[in-house]
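# Requesting a structural model of the entry that follows:
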Amino acid sequence: MMVGDIYGEGSNALEKLGLKSDIVASSFGKLVTKQNPSEGIKEEDLARALLLMVTNNIGQVAHLNAKLYKTSRIYFVGTFLQHNIISQQRLAYSIDYWSQGKMEALFLEHEAYFGALGAFLLNHGIEHKKQAVSPTKSRKRRQSKANPTHQRSKSMGSIQFQL
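Numbers count the residues shown, from 1 in each chain. Sure, this is the predicted structure:
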């Protein structure tokens, strides 16, 4: 259910609240208002809606954590996203929307073992020092908004681990 479904497309309330009519107000909201929720619903539509709901929540939590830790780059890794263009695009949109363009979602191309590497380093008490990395050029930022999957091969910069 979209905000426009609740307030109406041309409502003055949307302007007063500063909301757009095409923003999600409630995932699966229209389904629960139907007499027979499964009537006329395709499984693939339900799967896509569920995927978008989960991805929107991941994006919002990632944005809030990035805000808490004062970072503008959010790196997403894992096999869930490896070939999942729908979620990559939704995460890029969510981060851009919630941060009002101040943060960006980045997707790595060869990230399959980052979780295992992080668990290994944490388990062995290995400390790390981040070295300065040059800031992202505005050209790359514009490219990521035009095509969020373009950013998949960005480097995380140089990190030194000390044993």
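
# switch to C-alpha atoms for all contacts and neighbour counts from now on
Fine.

# can you give me the helices in the protein?
Along the chain, counting by DSSP state H, helices occupy 3-7, 12-17, 29-32, 43-68, 79-82, 85-98, 114-123, 138-146.

# Report the buried residues of stretch 99-110.
Ser99, Met103, Glu104, Ala105, Leu106, Phe107, Leu108, Glu109 (16 or more other C-alpha atoms under 10 Å).

# Out of those residues, which comes closest to Glu15?
Proximity of the buried residues of stretch 99-110 to Glu15 (C-alpha to C-alpha) peaks at Ser99, which lies at 19.7 Å.

# and that closest one, what is it in contact with?
Contacts here follow C-alpha atoms under 8 Å, 6 or more residues apart in numbering; on that basis Ser99 touches His63.

# pLDDT wise, what is it at?
Here, the pLDDT recorded for Ser99 equals 94.

# Helix or strand with the lowest mean pLDDT in the chain?
When the helices and strands of the chain are scored by mean pLDDT, DSSP states H and E, strand 159-162 comes last with a mean of 41.

# Which one of the helices of the chain lies nearest to Ile23?
helix 3-7 (5.7 Å).

# next one: that closest one to chain centre, how far?
Helix 3-7 has its C-alpha centroid displaced from the chain centroid by 24 Å (C-alpha atoms, centre = their mean, to the nearest Å).

# Also stretch 84-92?
On C-alpha atoms, centre = their mean, the centre of stretch 84-92 falls 7 Å from that of its chain.

# Only alpha carbons, please: show that stretch as PDB.
Provided in PDB are the C-alpha atoms of stretch 84-92 (Å, rounded to 0.1, in the frame of the first residue of the first chain):
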ATOM      1  CA  ASN A  84      20.200 -10.200  -7.300                       C
ATOM      2  CA  ILE A  85      19.900  -7.100  -9.400                       C
ATOM      3  CA  ILE A  86      16.400  -6.300  -8.000                       C
ATOM      4  CA  SER A  87      17.700  -6.100  -4.400                       C
ATOM      5  CA  GLN A  88      20.900  -4.200  -5.500                       C
ATOM      6  CA  GLN A  89      18.800  -1.500  -7.200                       C
ATOM      7  CA  ARG A  90      16.300  -1.300  -4.300                       C
ATOM      8  CA  LEU A  91      19.100  -0.900  -1.800                       C
ATOM      9  CA  ALA A  92      20.800   1.800  -3.900                       C
END
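
# I'm done for today, thanks for sticking with me.
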